[in-house]
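[1] Take this sequence and fold it.
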Amino acid sequence: MTSVGLIRALATEVRSALKNYKFEADNHPDKPFTVYEQHVPKAHLENRKGQYHPLVAVTLDSIEDDEMTVAELGLTFGVYGEDNTTWIDLINSMETVRLKLLTQQTLAGKYRLLKPMETTVAEVQPVPFFYGLITVRYQMYQPEDEMIISM
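    Below you'll find the predicted structure:
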C-alpha cells in the first residue's frame with residue numbers, strides 16, 4: 001500500500017493493456033512498448049534515433065493527505081516514426097490504456113482510481129517523436145491517528 005507499490009501496480013496494468021498492441025503507422029515495426037517505472041534510464045535517453053521508443057513512463061507526481069490520501073501519477077507515452085501517421089499510434093495506444101484503467105479501476109486490490117482522468121497531447125510535437133500524457137489519481141491507504149491519552 002505504498003507509493004512504490006502503486007507505481008508497480010500501475011506499470012503492470014499498462015504492460016497488460018499494451019501487450020498485444022499493433023501499430024498502424026506505415027513502415028513501423030511491431031516493437032513492443034517498454035514500460036518504465038518512475039524514470040527512463042539516462043542511457044536510453046541518449047539514444048537519439050528512437051530505438052528506446054515506443055515507451056510509457058509511469059511516474060509519481062505528488063501525494064496529498066487530507067480526508068483521504070491521493071496520489072497523482074503521470075503516464076508519459078512516446079512513439080517514434082518518420083511518416084505522417086505516427087500520431088495515430090500515439091493516440092491509439094493512449095486510448096488503449098485509458099480504457100483499460102477505466103474498466104479495471106482498482107489496482108492490486110489496494111488502489112482505487114479517482115476521476116477525472118486527464119489525457120493530453122500537445123499540438124506541437126518534436127517530430128519524428130510524438131508524446132502524450134495521461135494524468136491519473138488513485139486513493140491510497142491512510143493510517144488511523146494513534147492518539148495516546150495519558151491518565
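[2] Quick one: the strands in the chain, in order.
    Remark: strands assigned in the chain by DSSP state E are 34-37, 55-65, 69-80, 106-107, 111-121, 129-140.
[3] Can I get those strands in TSV including mean neighbour count and mean pLDDT?
    For every residue, glycine as well, the C-beta is placed using N, CA and C. Listed next are those as TSV, based on neighbours: other CB atoms under 10 Å; pLDDT from 0 to 100:
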stretch	mean neighbour count	mean pLDDT
strand 34-37	18	94
strand 55-65	16	96
strand 69-80	20	95
strand 106-107	16	96
strand 111-121	14	97
strand 129-140	19	96
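[4] JSON lines please, covering these and showing distance to residue 19.
    Below are those laid out as JSON lines (distance: least, CB to CB, whole Å):
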{"stretch": "strand 34-37", "distance to residue 19": "10"}
{"stretch": "strand 55-65", "distance to residue 19": "12"}
{"stretch": "strand 69-80", "distance to residue 19": "15"}
{"stretch": "strand 106-107", "distance to residue 19": "17"}
{"stretch": "strand 111-121", "distance to residue 19": "20"}
{"stretch": "strand 129-140", "distance to residue 19": "18"}
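[5] Please name the bridge partners of the residue nearest to residue 78 when sequence neighbours are not counted.
    Residue nearest to residue 78 in three dimensions, not counting chain neighbours: residue 55, with 4.7 Å by CB to CB, 6 or more residues apart in numbering. Beta bridges link residue 55 to residue 34, residue 78, judged by DSSP bridges.
[6] how far does the longest helix along the chain sit from the chain's center?
    Counting by DSSP state H, the longest helix found in the chain is helix 86-103. Relative to the centre of its chain, helix 86-103 is centred 11 Å away, using CA atoms, centre = their mean, to the nearest Å.
[7] For it, list the C-alpha coordinates in PDB.
    Once non-C-alpha atoms are left out, helix 86-103 reads as follows in PDB (Å, rounded to 0.1, in the frame of the first residue of the first chain):
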ATOM      1  CA  THR A  86       2.700   8.100 -36.300                       C
ATOM      2  CA  TRP A  87       0.400  10.400 -34.300                       C
ATOM      3  CA  ILE A  88      -2.300   7.800 -34.800                       C
ATOM      4  CA  ASP A  89      -0.300   5.200 -32.800                       C
ATOM      5  CA  LEU A  90       0.300   7.700 -30.000                       C
ATOM      6  CA  ILE A  91      -3.400   8.400 -29.600                       C
ATOM      7  CA  ASN A  92      -4.500   4.800 -30.100                       C
ATOM      8  CA  SER A  93      -2.000   3.500 -27.500                       C
ATOM      9  CA  MET A  94      -3.100   6.100 -25.000                       C
ATOM     10  CA  GLU A  95      -6.800   5.200 -25.600                       C
ATOM     11  CA  THR A  96      -6.000   1.500 -25.100                       C
ATOM     12  CA  VAL A  97      -4.500   2.200 -21.700                       C
ATOM     13  CA  ARG A  98      -7.200   4.800 -20.800                       C
ATOM     14  CA  LEU A  99     -10.000   2.300 -21.400                       C
ATOM     15  CA  LYS A 100      -8.100  -0.500 -19.600                       C
ATOM     16  CA  LEU A 101      -7.800   1.700 -16.500                       C
ATOM     17  CA  LEU A 102     -11.500   2.700 -16.600                       C
ATOM     18  CA  THR A 103     -12.500  -1.000 -16.800                       C
END
